[in-house]
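Undergrad: Starting from these lines, generate the structure:
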Amino acid sequence: MHAKDVLVEAYGRIKDEVHAAVDGLSPDDLNARPDGRANSVTWLVWHLTRVQDDHVADAFGLEQLWLSGGWADRFALALPKDDTGYGHTPQQVAEVRVDSGDLLTGYYDAVHEQTLRALRGLHADDLDRIVDENWTPAVTLGARLVSVLSDDLQHVGQAAFARGLSAGR
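TA: Numbering: from 1, shown residues only. A predicted model of the protein is given here:
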């Protein structure tokens with residue numbers, strides 16, 4: 001198995017987990033915030049998708065689907081268009097709401113497909129390419145892809161936990 005095949009497999013697992021966390025939830029359950037301040041399923045899935053969209057697009061020289069695919073307009077959030085959710089306050093988390101899980105999974109699926117297209121075109125030596133010199137050491141494409149994968153898996157796990165809490169209400 002080549003490195004790109006491992007990455008395609010790993011990112012495919014995120015998609016499965018995103019759908020498992022979202023599918024069948026009512027808008028109230030999607031937007032519910034455990035203890036009234038924690039992150040909702042909606043915020044967690046939106047955020048992990050925004051990060052994947054932002055970071056993968058940047059690393060591969062692509063446009064973010066949030067903007068180019070019209071997703072920012074569909075979500076119509078009262079946040080800056082380039083916001084990915086990093087450092088959000090509880091008040092900002094409250095701004096990220098949806099009326100349907102289809103919006104969340106639709107955006108995620110579009111980003112997932114763009115990610116897979118980028119991954120399938122990889123060659124092994126591409127993973128050593130520097131994509132961010134703002135860190136020491138500079139971030140390689142391989143490190144960036146693993147970082148996004150790790151972040152997405154953590155957030156989708158949190159979304160599954162929040163889903164379980166809302167189901168018990």
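Undergrad: quick one, helices of this protein?
TA: Along the chain, the stretches classed as helices by DSSP state H are 3-22, 27-31, 41-60, 65-68, 71-75, 90-95, 101-120, 141-167.
Undergrad: Tell me, how many residues neighbour Leu67?
TA: 14 (other C-beta atoms under 10 Å). Every residue, glycine included, has its C-beta placed from N, CA and C.
Undergrad: returning to that earlier point: most tightly surrounded among the helices of the chain?
TA: helix 41-60 (a mean of 24; mean count of other C-beta atoms under 10 Å).
Undergrad: For that helix, list the C-alpha coordinates in CSV.
TA: What follows is helix 41-60, C-alpha atoms only, in CSV (Å, rounded to 0.1, in the frame of the first residue of the first chain):
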residue,chain,number,x,y,z
VAL,A,41,-22.5,18.6,16.9
THR,A,42,-23.2,21.3,14.4
TRP,A,43,-20.2,23.4,15.5
LEU,A,44,-17.9,20.4,15.7
VAL,A,45,-18.7,19.1,12.2
TRP,A,46,-18.7,22.6,10.7
HIS,A,47,-15.3,23.3,12.3
LEU,A,48,-13.6,20.1,11.3
THR,A,49,-14.9,20.6,7.8
ARG,A,50,-13.7,24.2,7.6
VAL,A,51,-10.2,23.2,8.9
GLN,A,52,-10.0,20.4,6.3
ASP,A,53,-11.2,22.7,3.5
ASP,A,54,-8.9,25.6,4.5
HIS,A,55,-5.7,23.5,5.1
VAL,A,56,-6.1,21.1,2.2
ALA,A,57,-6.9,23.8,-0.2
ASP,A,58,-3.9,25.9,0.9
ALA,A,59,-1.5,22.9,0.8
PHE,A,60,-2.6,21.9,-2.7
